[in-house]
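Participant: Build me a model from this:
(one chain, ligands or ions: 1)
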Amino acid sequence: MESKTSEDKWKKKLTKEQYRVLRKKGTEPAFTGKYWDYHEKGIYKCAGCGTHLFSSEKKFDSGSGWPSFDQPIDEVNVEEKLDTNYGMKRTEVLCNKCGGHLGHLFNDGPKTTGCRYCINSISLDFQPDAKH
Ligand code: FE
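Facilitator: Presented below is the predicted three-dimensional model:
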């Protein structure tokens with residue numbers, strides 16, 4: 001159970017919409033986020049705590065309207081949890097450091113891994129690769 005203090009801390013740190021998605025397991029409407037159609041090279045970090053979650057190298061166009069990846073940078077950085085809300089059996093994806101809700105994991109991804117990490121743009125912060 002999260003303490004009141006930590007709830008207040010998140011409310012201060014995050015925008016209203018980030019708080020709704022990351023801390024209250026909300027979903028941004030498809031095709032509205034900043035990263036579903038974004039193709040720069042770099043790293044997608046947790047918008048809550050900065051943990052490195054996904055690389056642009058593993059991003060693909062899923063047609064879903066959410067940024068999609070076939071694997072995380074490091075499996076220890078994400079937590080996968082059974083989600084039975086809305087009468088569906090889905091796998092929820094969370095930041096393993098701050099517990100922020102990122103999105104869901106489906107098994108209809110590209111053949112490379114078969115995984116589709118379907119992530120809310122608003123849960124992510126993009127850090128471009130350093131230019132040489
Ligand atoms: Fe985090």
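Participant: and His132, what pLDDT?
Facilitator: Each residue has a pLDDT score; the one for His132 is 61.
Participant: swap in Met1?
Facilitator: 56.
Participant: which of the residues in the longest helix anywhere in the chain are buried?
Facilitator: Looking across the chain with DSSP state H, the single longest helix is helix 4-13. For helix 4-13, burial by neighbour count (16 or more other Cβ atoms under 10 Å) applies to Trp10. Heads up, the C-betas are built off the backbone N, CA and C, glycines and all.
Participant: host element of the residue nearest the centre of the chain?
Facilitator: In the chain, the C-alpha closest to the average C-alpha coordinate belongs to Leu102, at a distance of 3.1 Å (Cα atoms, centre = their mean). Using DSSP states H and E, Leu102 falls within strand 101-106.
Participant: Sheet-wise, list the partners of that strand with their directions.
Facilitator: According to DSSP bridges, strand 101-106 forms sheet pairs with strand 90-95 (antiparallel), strand 116-119 (antiparallel).
Participant: out of those strands, nearest to the ion?
Facilitator: Closest of the strands paired with strand 101-106 to the ion is strand 90-95, at 3.1 Å (criterion: Cβ to the ion).
Participant: in the closest one, what's buried?
Facilitator: Buried-residue list, strand 90-95, by 16+ other Cβ under 10 Å: 90, 92-95.
Participant: what comes into contact with that strand?
Facilitator: Under the criterion Cβ atoms under 8 Å, 6 or more residues apart in numbering, residues 25, 46, 48-49, 51, 53, 77-84, 100-106, 117, 119, 123 lie in contact with strand 90-95.
Participant: swap the cut-off to 10 Å and go again
Facilitator: The contact list for strand 90-95 (Cβ atoms under 10 Å, 6 or more residues apart in numbering) reads 22, 25, 45-51, 53, 69, 72, 77-85, 100-107, 115, 117-120, 123-124.
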